[in-house]
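A.B. asks: take a look and give me a structure for this.
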Amino acid sequence: MFCNQCEQTANCKGCSENMGVCGKKEDTALLQDKLTGAVIGLARATEGNEDLISDSANAIIIESLFITLTNVNFDNDRINEALKKVEIEKRKIIPNCFTCTSCCGKNNDYDMNKLWNEPNEDIKSLKSLILFGLRGIAAYAYHAAVLGYHSDEVYKFIYKALVIIGMDSCSTDRLLEIALEAGKVNLICMELLDRANTETYGHPVPTEVTMTIEKGPFIVITGHDLYDLKRLLEQTEGKGINIYTHGEMLSGHAYPELKKYAHLKGNFGTAWQNQQKEFANIPAPILYTSNCLMPPKDSYADRVFTTEVVAFPDIIHINENKDFTPIINKALELGGYNEDVTMTGINGGSKVLTGFGRNTVLNVADTVVNAVKTGAIKHFFLVGGCDGARAGRNYYTEFVKQTPKDTVILTLACGKYRFNDLDLGNIGSLPRLMDIGQCNDTYSAIQIALALAKVFDCDVNELPLSMILSWYEQKAVCVLLTLLYLGIKNIKLGPTLPAFISPNVLNILVNNYGIAPITTPDGDLKSILG
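C.D. replies: Residues are numbered from 1 along each chain as shown. This is a model prediction of the structure:
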């Protein structure tokens with residue numbers, strides 16, 4: 001096997017041998033490569049046959065790419081099911097190619113070893129950048145599609161980019177163009193998902209969320225899929241079962257159509273990488289709706305459930321009919337805690353605040369602008385992104401702790417768990433720490449930045465705004481490409497730089513966009529603020 005798509009890849013080079021750092025076994029990694037090669041083959045089959053692309057083809061393309069995202073699917077049987085679906089769609093588009101005796105290769109899948117063994121490291125780097133960005137885009141497109149929202153522009157680009165990845169000959173300049181186009185298309189996709197979520201559940205509102213788990217039966221729901229949270233709330237209402245979010249599902253508390261459920265009680269634990277410790281012997285079931293799933297430990301494996309594209313061998317999977325009865329029964333069987341249990345964040349706080357999406361922040365834009373003009377707010381920091389287990393991520397905690405009291409911290413994604421339980425106080429009526437939401441809510445952060453730039457009649461890069469980002473998986477890759485597409489410069493990225501970025505490609509990013517690795521909290525603050 002070979003896999004270098006996540007931040008924790010072995011030795012900052014790539015996972016090989018028998019198992020990845022994420023727990024993915026060699027046979028699963030090879031199957032995921034086969035699935036990736038199959039969707040590239042499906043994309044090739046659509047060339048000249050665009051009018052034959054069906055909704056089901058679009059669905060299996062984004063599902064398959066999502067399956068190959070880090071910490072999503074470890075189940076070989078389900079990956080093989082996806083392979084069969086891809087084959088069915090390809091046969092619909094080019095049926096004659098499966099009986100033709102010519103050697104044109106139209107029905108051939110792509111061999112991913114060609115990419116992993118590409119001798120030109122810059123071509124390999126850029127194709128990997130595009131592929132991993134596509135996996136992130138597909139995840140966002142999948143969540144939007146669950147709510148009935150689709151974009152032909154997004155689907156068309158995914159097909160085009162997959163074909164280019166499979167090309168034997170493609171220049172670095174062309175690949176750079178496609179990478180930036182991926183950033184553009186991801187912005188469209190994030191806007192689509194933002195619209196899907198806000199039109200379905202309302203605009204998020206600032207909400208304080210407790211980390212106290214009340215006695216009695218409960219269910220923990222983790223991941224990103226708000227639709228699953230909604231269905232779970234509906235099916236557990238009136239049954240004496242409380243619901244607690246985990247990880248990026250925290251933002252669900254801020255949506256009016258979700259927070260109206262009285263049994264949506266609070267948040268359980270911290271970020272994804274702590275789940276094996278935090279879920280040990282938990283007297284409740286856990287529902288995984290998307291990444292990040294770590295191989296369950298024996299102390300809680302019998303109470304893990306998956307749905308959508310998430311799967312793990314021998315774990316009960318809830319199919320598309322969304323009948324959560326097995327989870328409900330397990331919650332009642334386990335019974336929950338005998339007494340209230342107060343959990344804390346990594347800094348000892350027992351409450352967190354979320355719900356500062358674009359609608360909330362822009363509704364108080366006058367207050368924000370006046371605070372900047374009067375000097376009450378000197379600088380904005382966007383500190384967020386994916387969390388992870390690699391040593392050095394405490395940088396983000398210390399960075400936020402050291403920020404001056406006349407600065408505002410915007411945050412999003414699970415990286416916020418490094419500091420979201422801190423009480424940073426207020427500047428006037430504005431909290432210094434504002435949680436925008438999930439990783440896809442980068443769209444909200446971008447809209448806030450663009451709105452402020454318009455008010456101050458300046459470029460986004462001229463705003464008193466700095467981005468200090470952490471990354472782990474492929475959604476972070478497509479978000480980074482979006483920021484580059486928008487021309488945003490001087491991003492600080494950590495805790496390490498992507499292993500799949502070659503020195504020459506890194507030089508392009510540094511020279512054109514000023515991307516730099518994080519150093520120390522004190523040093524980076526001094527370089528930013530002077």
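
A.B. asks: these two touch, right, Glu26 and Glu17?
C.D. replies: Yes: using Cβ atoms under 8 Å as the test, Glu26 is close enough to Glu17 to be in contact (7.2 Å). Where C-beta positions appear, they are placed from N, C-alpha and C, glycine not excepted.

A.B. asks: any idea how far Cys189 lies from Ala145?
C.D. replies: Applying Cβ to Cβ, to the nearest Å, the value for Cys189 to Ala145 is 10 Å.

A.B. asks: if you count what's nearby, which of the two comes out ahead?
C.D. replies: Cys189 (32 against 22; other Cβ atoms under 10 Å).

A.B. asks: check which helix or strand that one maps to.
C.D. replies: Cys189 is part of helix 172-201, with elements assigned from DSSP states H and E.

A.B. asks: now do that helix: which elements does it pack against?
C.D. replies: Applying 3 or more Cβ pairs under 8 Å, 6 or more residues apart in numbering; DSSP states H and E, we find helix 172-201 packed against helix 121-146, helix 152-165, helix 226-236, helix 256-259, helix 442-455, helix 474-485.

A.B. asks: okay, those in TSV with distance to Trp272 and mean pLDDT next?
C.D. replies: As requested, the helices and strands packed on helix 172-201 are exported to TSV (distance: least, Cβ to Cβ, whole Å; pLDDT from 0 to 100):
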stretch	distance to Trp272	mean pLDDT
helix 121-146	14	98
helix 152-165	26	98
helix 226-236	16	98
helix 256-259	21	98
helix 442-455	18	96
helix 474-485	13	98
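
A.B. asks: Leu424: which of those helices is closest?
C.D. replies: Proximity to Leu424, assessed across the helices and strands packed on helix 172-201 by Cβ to Cβ, is greatest for helix 442-455 (17.9 Å).

A.B. asks: how about the closest one: buried residues?
C.D. replies: By neighbour count on 16 or more other Cβ atoms under 10 Å, the buried set for helix 442-455 is Thr442, Tyr443, Ser444, Ala445, Ile446, Gln447, Ile448, Ala449, Ala451, Leu452, Ala453.

A.B. asks: pretty sure Ala45 contacts Pro95?
C.D. replies: No: because the distance of 10.2 Å does not satisfy Cβ under 8 Å, Ala45 is recorded as not touching Pro95.

A.B. asks: show me which of these two is the more surrounded one.
C.D. replies: Set Ala45 next to Pro95 and count neighbours by other Cβ under 10 Å: Ala45 wins out with 26 against 12.

A.B. asks: quick one: contacts for that one?
C.D. replies: If you count contacts by Cβ atoms under 8 Å, 6 or more residues apart in numbering, Ala45 has them with Lys90, Ile93, Ile94, Cys97, Lys106, Asn107.

A.B. asks: Glu89 now?
C.D. replies: For Glu89, the contact set (Cβ under 8 Å, 6+ apart) comprises Leu42, Ser54, Ser56, Ala57, Ile60.

A.B. asks: where does Gly348 land in three-state SS?
C.D. replies: Local secondary structure at Gly348 is given as coil here, using DSSP: H, G, I helix; E, B strand; the rest coil.

A.B. asks: look up how far Cys458 lies from Pro464.
C.D. replies: Applying Cβ to Cβ, the value for Pro464 to Cys458 is 10 Å.

A.B. asks: cool, Asp302 as well?
C.D. replies: For Asp302 relative to Cys458 (Cβ to Cβ), the value is 57 Å.

A.B. asks: ok, now Val39?
C.D. replies: When Cβ to Cβ is the yardstick, Val39 and Cys458 sit 42 Å from each other.

A.B. asks: which of those two has more residues huddled nearby?
C.D. replies: Val39 (32 against 11).

A.B. asks: show me what contacts that one?
C.D. replies: Shown in contact with Val39 (Cβ under 8 Å, 6+ apart): Ile60, Ile61, Ser64, Leu65, Val86, Leu162.

A.B. asks: looking at those, which one is closest to Gly425?
C.D. replies: Taking Cβ to Cβ as the measure, Leu65 is the one of the contacts of Val39 closest to Gly425, at 42.5 Å.

A.B. asks: export stretch 90-97 as CSV, just CAs?
C.D. replies: Presented in CSV, the C-alpha positions along stretch 90-97 are these (Å, rounded to 0.1, in the frame of the first residue of the first chain):
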residue,chain,number,x,y,z
LYS,A,90,-20.0,2.7,-16.7
ARG,A,91,-21.8,-0.1,-18.6
LYS,A,92,-24.8,2.2,-18.9
ILE,A,93,-22.7,4.9,-20.6
ILE,A,94,-20.5,2.7,-22.8
PRO,A,95,-22.2,-0.7,-23.1
ASN,A,96,-20.6,-1.6,-26.4
CYS,A,97,-17.1,-1.1,-25.0
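
A.B. asks: what's the closest of the contacts of Val39 to Leu226?
C.D. replies: Distance to Leu226, by Cβ to Cβ, is smallest for Leu65 among the contacts of Val39, at 20.5 Å.

A.B. asks: gap between the closest one and Ala43?
C.D. replies: Distance of Leu65 to Ala43, given as Cβ to Cβ: 11 Å.

A.B. asks: I figured Asp522 hits Thr403, correct?
C.D. replies: No: because the distance of 11.2 Å does not satisfy Cβ under 8 Å, Asp522 is recorded as not touching Thr403.

A.B. asks: so those two - more neighbours on which side?
C.D. replies: Thr403 (22 against 11).

A.B. asks: spit out the contact partners of the residue nearest to the spatial centre of the chain.
C.D. replies: Within the chain, the residue whose C-alpha comes closest to the C-alpha centroid is Lys475; the distance, by Cα atoms, centre = their mean, is 4.3 Å. The neighbours of Lys475, taking Cβ under 8 Å, 6+ apart as the test, are Leu69, Arg135, Gly136, Ala139, Tyr140, Cys386, Cys439, Asn440.

A.B. asks: how far away is the first one from Gln5?
C.D. replies: Right, Leu69. Remark: distance between Leu69 and Gln5 (Cβ to Cβ) = 8 Å.
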